[in-house]
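Q: Got a predicted structure here, sequence first:
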Amino acid sequence: MVKRRRHTPEQIIRKLREAERLKSDGKTVGAICQALAISEQTYHRWRNAYGAMTDSEIRRLKALEEENRRLKKLVADQALDNQILREVAEGKW
């Protein structure tokens, strides 16, 4: 079984640029994916999602992902606090 690896948006863009360079050299999609150590499905998914992104859009995406992570943590902490307060109010403490 192959170990899964998460790529950052910057790494994906870098690999897509390398793929475009290899494609202009006449390589096939299969050869490109083998050189980049990714599957063809991943290549096509990345190209659809990140193909036309600029550097500023990548930075904005990264900032939004960080804000989303922070907000999810905040909501989880708030839900935990509510649950503790509910248990204390019911006398389960």
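A: Thanks, I have it.

Q: what about Q78, neighbour count?
A: Counted with other C-beta atoms under 10 Å, the neighbours of Q78 add up to 10. Yep, even glycine has a C-beta here, placed from its N, CA and C like the rest.

Q: for E20, same thing?
A: Neighbours of E20 under the rule other C-beta under 10 Å: 13.

Q: Can you give the contact residues for the helix or strand that E20 is a member of?
A: Using DSSP states H and E, the element containing E20 is helix 9-24. If you take C-beta atoms under 8 Å, 6 or more residues apart in numbering as the criterion, helix 9-24 is touched by 7, 29, 31-32, 35-36, 38, 43, 46-47, 50-51, 53, 55, 58, 61-62.

Q: Now, of those, which are buried?
A: I32, L36, I38, Y43, W46, Y50, I58 (16 or more other C-beta atoms under 10 Å).

Q: tell me the pLDDT at the first one?
A: Predicted confidence (pLDDT) at I32: the value is 94.

Q: thinking again about what came up before, among the buried ones among the contacts of helix 9-24, which pair sits farthest apart?
A: Spanning the widest gap among the buried ones among the contacts of helix 9-24 are I32 and I58, at 21.0 Å by C-beta to C-beta.

Q: leaving aside the residues next to it on the chain, what's closest to L61?
A: P9 (5.7 Å; C-beta to C-beta, 6 or more residues apart in numbering).

Q: Need the pLDDT of V2.
A: For V2, the model assigns a pLDDT of 56.

Q: Show me the domain layout of the protein.
A: Domain segmentation of the chain under automatic domain parsing yields 1-53, 55-93.

Q: looking at those domains, which is buried most?
A: Ranked by mean neighbour count, the domains of the chain are led by domain 1-53 with a mean of 13 (mean count of other C-beta atoms under 10 Å).

Q: Show me the shaky parts of this protein.
A: Residue ranges of the chain with pLDDT under 70: 1-4, 92-93.

Q: any idea how far I32 is from E65?
A: According to C-beta to C-beta, to the nearest Å, I32 stands 27 Å off from E65.

Q: if we can go back for a sec, so which of the buried ones among the contacts of helix 9-24 are in helices?
A: Mapping the buried ones among the contacts of helix 9-24 onto helices (DSSP state H) picks out I32, L36, Y43, W46, Y50, I58.
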